[in-house]
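# generate a structure from the sequence data that follows.
(chains A, B, C and D)
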2 protein chains.
Amino acid sequence: MDLLLQFKVNSNLYLRDPESSILGKQIVRRSIDLIDELGFEQFTFKKLALEIGTTEASVYRYFENKHRLLLYILNWYWSYVEYLFLVHLQGIKSPKDRLIKVLEILSEPLPIGYGEVDFEKKKLVQIVIKESSKAYLVKDIKEINNEEAFKPYKELCSTIAQLIMEIKPNYAYPHSLASTMIETAHHQTYFAHHLPKLTDYSNHKGKNYTFDFLTHLVQSILNFN
Amino acid sequence: MDLLLQFKVNSNLYLRDPESSILGKQIVRRSIDLIDELGFEQFTFKKLALEIGTTEASVYRYFENKHRLLLYILNWYWSYVEYLFLVHLQGIKSPKDRLIKVLEILSEPLPIGYGEVDFEKKKLVQIVIKESSKAYLVKDIKEINNEEAFKPYKELCSTIAQLIMEIKPNYAYPHSLASTMIETAHHQTYFAHHLPKLTDYSNHKGKNYTFDFLTHLVQSILNFN
DNA sequence: AATTTATAATAGTATTACTATTATTTAAAA
DNA sequence: TTTTAAATAATAGTAATACTATTATAAATT
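Here you go, the predicted structure:
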């Protein structure tokens, strides 16, 4: 993970702050590699421990279980996207142009402009696309939600909703449109790659399918071009 | 499951046809109860076997694993929705009205008009909302897809896409809009209930939030009212 | 140098996912 | 009406997973 970009992740999500030790940092970094490689259900703390040359029990001293580790990673990612918004929107005045930039960031398979860490980020985005729904489609959603585990996601959603309201103040569903933009960015990218018949990817000419689809969708709803 | 409504589910999904024996039918019916009750990750064949008074090994004679059983249930559901389209759209001529009816069926928490089986169907819909993404967001998506496990979902998507093209022939993303409608119907319903801050549910007046949001969305994109 | 304190490793357990083998029932053939 | 075979289910396992209590070791403090 990028040393220059440290966000304080909700302390409810870990037992011992992984940023506070070398082992902790290794756990987070290598878990991103392994989850991307194996998928979340095949990923285990045993395999992770073996990979970084430690023991299962040591990993458990940082995270209660792999689900908590996933939430930690997702929280980091959502904070990172919020930061990307901050950086990339500052120069843009028009709310419409700002929203298009938001779509660009959300549909970008690999976030732009961070050189040597891009490789890790790419894996992170893959994890977000494939595994993030497994973080909230769970039995104990209520307790997890009470621990503020989805706060940065809600904030991201709220940031986008505010932009939407600037463009169309009388629109009744700014938050739903925002969460739909985020979720659709993920699953259309996944579908285009793995279940292309659920998309129109095969007869598309542009270079970023998801971005083009979402742009048309959002422009239609908020009536601008 | 309703005896009057039997769809032949893809035989790749089971080892022994569950419709061919009493035990098989029990496995499917009670698994819907249990998955709804425990959630898919807590659901096991052992618990299911205990519930219906058989053994784990006997359940394994019908389904390779619980993931296959989930796919079987989802296939049944998608075929059922396709059937609902057939029944409920036949009287409607206008493509626009037909699409609105599609949205109504997709956002309906409990499908209409089947009396005594509605209770089971309600649980089925809950499972589809909560667990269906776990069926395709998996490492072995390629092999599963090759076995036609998502055929009825793709067909459903194609049916909706055709309707969209009738309304707006030059629209470039009919399949993506169709899959977005289906997926959004599910996750907005889930969000409204479990993570309401990702929606505008709290200040909504209508009785079917998801339907109202989706209707506005689709009408904007295909420009009709 | 002695003693906390922090941290990690050992060695387990209960549960899960799955299977090979055996037993029992059902049905068809002799 | 037996005999045989085919279908089906139960017994009894294994390997892996998720997790924990306890012990050992290293670092820091007094």
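# can I get stretch A:63-77 in CSV, CA atoms only?
Once non-C-alpha atoms are left out, stretch A:63-77 reads as follows in CSV (Å, rounded to 0.1, in the frame of the first residue of the first chain):
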residue,chain,number,x,y,z
PHE,A,63,-8.1,-9.4,12.1
GLU,A,64,-11.0,-11.3,13.7
ASN,A,65,-11.7,-13.1,10.4
LYS,A,66,-11.2,-12.8,6.7
HIS,A,67,-14.5,-11.0,6.3
ARG,A,68,-13.2,-8.2,8.6
LEU,A,69,-10.0,-8.0,6.5
LEU,A,70,-12.1,-7.6,3.4
LEU,A,71,-14.0,-4.8,5.0
TYR,A,72,-10.7,-3.1,6.0
ILE,A,73,-9.5,-3.3,2.4
LEU,A,74,-12.8,-1.9,1.1
ASN,A,75,-12.8,0.9,3.6
TRP,A,76,-9.3,1.8,2.5
TYR,A,77,-10.4,1.8,-1.2
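# which SS state does A:Gln188 fall under?
State at A:Gln188, reduced to three classes by DSSP: H, G, I helix; E, B strand; the rest coil: helix.
# which residues touch it?
A:Thr199, A:Tyr209, A:Thr210, A:Phe213, A:Leu214, B:Ser176, B:Ser179, B:Thr180 (CB atoms under 8 Å, 6 or more residues apart in numbering or on different chains). All C-beta spots, glycine's among them, are computed from the backbone N, C-alpha and C.
# now A:Asp212
A:His204, A:Gly206.
# in which helix or strand would I find it?
Assigned by DSSP states H and E, A:Asp212 belongs to helix A:209-221.
# any idea how far that helix is from the middle of the chain?
Helix A:209-221 sits 19 Å away from the centroid of its parent chain (CA atoms, centre = their mean, to the nearest Å).
# reformat the contacts of A:Gln188 into JSON lines and put distance to B:Ser11, neighbour count and pLDDT next to each item.
Below are these laid out as JSON lines (distance: CB to CB, whole Å; neighbours: other CB atoms under 10 Å in any protein chain shown; pLDDT from 0 to 100):
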{"residue": "A:Thr199", "distance to B:Ser11": "27", "neighbour count": "27", "pLDDT": "98"}
{"residue": "A:Tyr209", "distance to B:Ser11": "34", "neighbour count": "23", "pLDDT": "97"}
{"residue": "A:Thr210", "distance to B:Ser11": "35", "neighbour count": "25", "pLDDT": "97"}
{"residue": "A:Phe213", "distance to B:Ser11": "35", "neighbour count": "27", "pLDDT": "98"}
{"residue": "A:Leu214", "distance to B:Ser11": "38", "neighbour count": "26", "pLDDT": "98"}
{"residue": "B:Ser176", "distance to B:Ser11": "30", "neighbour count": "30", "pLDDT": "98"}
{"residue": "B:Ser179", "distance to B:Ser11": "25", "neighbour count": "26", "pLDDT": "98"}
{"residue": "B:Thr180", "distance to B:Ser11": "31", "neighbour count": "27", "pLDDT": "98"}
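# any idea which of those residues is closest to DNA strand C?
B:Ser179 (28.2 Å; CB to the nearest atom of the strand).
# which parts of chain A sit against DNA strand C?
Residues of chain A lying close to DNA strand C by CB under 7 Å from any atom of the strand are A:Arg16, A:Ser20, A:Ser21, A:Leu23, A:Thr54, A:Thr55, A:Glu56, A:Ala57, A:Ser58, A:Arg61.
# including neighbour count, could the residues you listed go into JSON lines?
Shown next, in JSON lines, are the residues of chain A next to DNA strand C (neighbours: other CB atoms under 10 Å in any protein chain shown):
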{"residue": "A:Arg16", "neighbour count": "14"}
{"residue": "A:Ser20", "neighbour count": "11"}
{"residue": "A:Ser21", "neighbour count": "13"}
{"residue": "A:Leu23", "neighbour count": "16"}
{"residue": "A:Thr54", "neighbour count": "17"}
{"residue": "A:Thr55", "neighbour count": "13"}
{"residue": "A:Glu56", "neighbour count": "13"}
{"residue": "A:Ala57", "neighbour count": "9"}
{"residue": "A:Ser58", "neighbour count": "14"}
{"residue": "A:Arg61", "neighbour count": "16"}
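# what comes up buried for stretch A:60-80?
A:61-63, A:66-80 (16 or more other CB atoms under 10 Å in any protein chain shown).
# show me where chain A dips below the pLDDT cut-off.
For chain A, the stretches with pLDDT under 70 are A:1-6, A:109-119.
# and the longest helix along chain A, what does it pack onto?
In chain A, taking DSSP state H as the definition, the longest helix is helix A:66-89. Under the contact definition 3 or more CB pairs under 8 Å, 6 or more residues apart in numbering or on different chains; DSSP states H and E, helix A:66-89 sits against helix A:22-38, helix A:95-107, helix A:118-136, helix A:151-167.
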